[in-house]
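A.B. asks: generate coordinates for the sequence data below:
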Amino acid sequence: MCYDIKTQLETQLRRAERDGDVHAIEEIMEKLLPLTDLPIHHSSGFNHPSVLIYTNEDPYFPVVSTWGLVPFWVKDDKQKNGIWNKTLNARGETIFELPSFRDSAKKRRCLIHIDGFYEHHHFEGNTYPFYISRKDDAPLTLAGLWSEWTNKEDGSRWNTFSIVTTEGNSLMSKIHNNPKLEGP
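C.D. replies: Numbering: from 1, shown residues only. Reported below is the predicted structural model:
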């Protein structure tokens with residue numbers, strides 16, 4: 001998965017509606033929606049949009065979270081800004097090894113519901129986005145890691161997340177063929 005997603009309010013509400021949770025639907029509409037960047041039609045993770053995630057602490061109620069995991073141990077804004085773009089995605093093969101993801105991989109997992117994502121295909125010097133979604137338009141559920149970070153400079157608290165990825169399968173490796181990387 002690259003760094004571009006599509007998600008909208010309807011996708012977020014489907015989870016609450018599926019569970020018949022009227023309270024969650026009201027909370028999403030009244031309290032959480034104004035804090036998100038929804039709808040997102042083609043947003044890059046490098047813009048650090050705020051979306052809804054479902055954490056292992058409360059899998060039935062969403063949390064507004066910013067894309068780009070900021071580990072709890074980050075000291076200040078300067079360090080946060082240095083790591084933020086490097087933690088948009090977390091390779092499943094290394095999440096227990098890398099300090100940025102290790103604690104979250106053990107204790108803080110989440111689900112992210114999206115409409116689809118964009119993979120970028122490189123051909124003859126040009127890049128073409130391919131939109132990946134389900135045929136039936138049902139939401140895709142992605143695995144993620146999350147963290148809560150407190151900015152010691154101003155006391156603000158940030159919920160952040162990273163999407164867990166893995167090596168592409170045969171179909172995805174044909175699309176995601178970044179010439180700067182080895183392998184799919």
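A.B. asks: contacts for the top strand by length along the chain, please.
C.D. replies: If you go by DSSP state E, the chain has its longest strand at strand 140-150. Residues from elsewhere that reach strand 140-150, judged by Cβ atoms under 8 Å, 6 or more residues apart in numbering: 1, 53, 55, 63, 65, 69-72, 74, 80, 90, 92, 95, 101, 103-105, 108-117, 133-134, 156-164. Any C-beta I mention is one placed from the backbone N, CA and C, and that applies to glycine too.
A.B. asks: the helix or strand following that strand pairs with which strands, parallel or anti?
C.D. replies: Tracing the chain past strand 140-150, the next element assigned as helix or strand by DSSP states H and E is strand 157-165. Strands adjacent to strand 157-165 in the sheet, as given by DSSP bridges, are strand 63-67 (parallel), strand 89-91 (parallel), strand 140-150 (antiparallel).
A.B. asks: which neighbouring elements make contact with whichever helix or strand comes after the shortest one?
C.D. replies: Going back to what we said before, that points to strand 89-91. Next helix or strand after strand 89-91 toward the C-terminus (DSSP H and E): helix 99-107. Packing contacts for helix 99-107, counted by 3 or more Cβ pairs under 8 Å, 6 or more residues apart in numbering; DSSP states H and E, involve strand 89-91, strand 140-150.
A.B. asks: centre-most residue in this structure?
C.D. replies: Residue closest to the average C-alpha location in the chain (Cα atoms, centre = their mean): Ile163, at 4.5 Å.
A.B. asks: tell me which of the strands paired with strand 157-165 lies nearest to Ser44.
C.D. replies: Nearest to Ser44, of all the strands paired with strand 157-165, is strand 63-67, at 9.1 Å by Cβ to Cβ.
A.B. asks: all helices for this protein, in order.
C.D. replies: In the chain, the helices defined using DSSP state H lie at 9-18, 22-27, 77-84, 99-107, 170-175.
A.B. asks: could you dump these to JSON lines with mean neighbour count?
C.D. replies: Output for the helices of the chain, formatted as JSON lines (neighbours: other Cβ atoms under 10 Å):
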{"stretch": "helix 9-18", "mean neighbour count": "17"}
{"stretch": "helix 22-27", "mean neighbour count": "14"}
{"stretch": "helix 77-84", "mean neighbour count": "14"}
{"stretch": "helix 99-107", "mean neighbour count": "17"}
{"stretch": "helix 170-175", "mean neighbour count": "13"}
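A.B. asks: cheers, nothing more for now.
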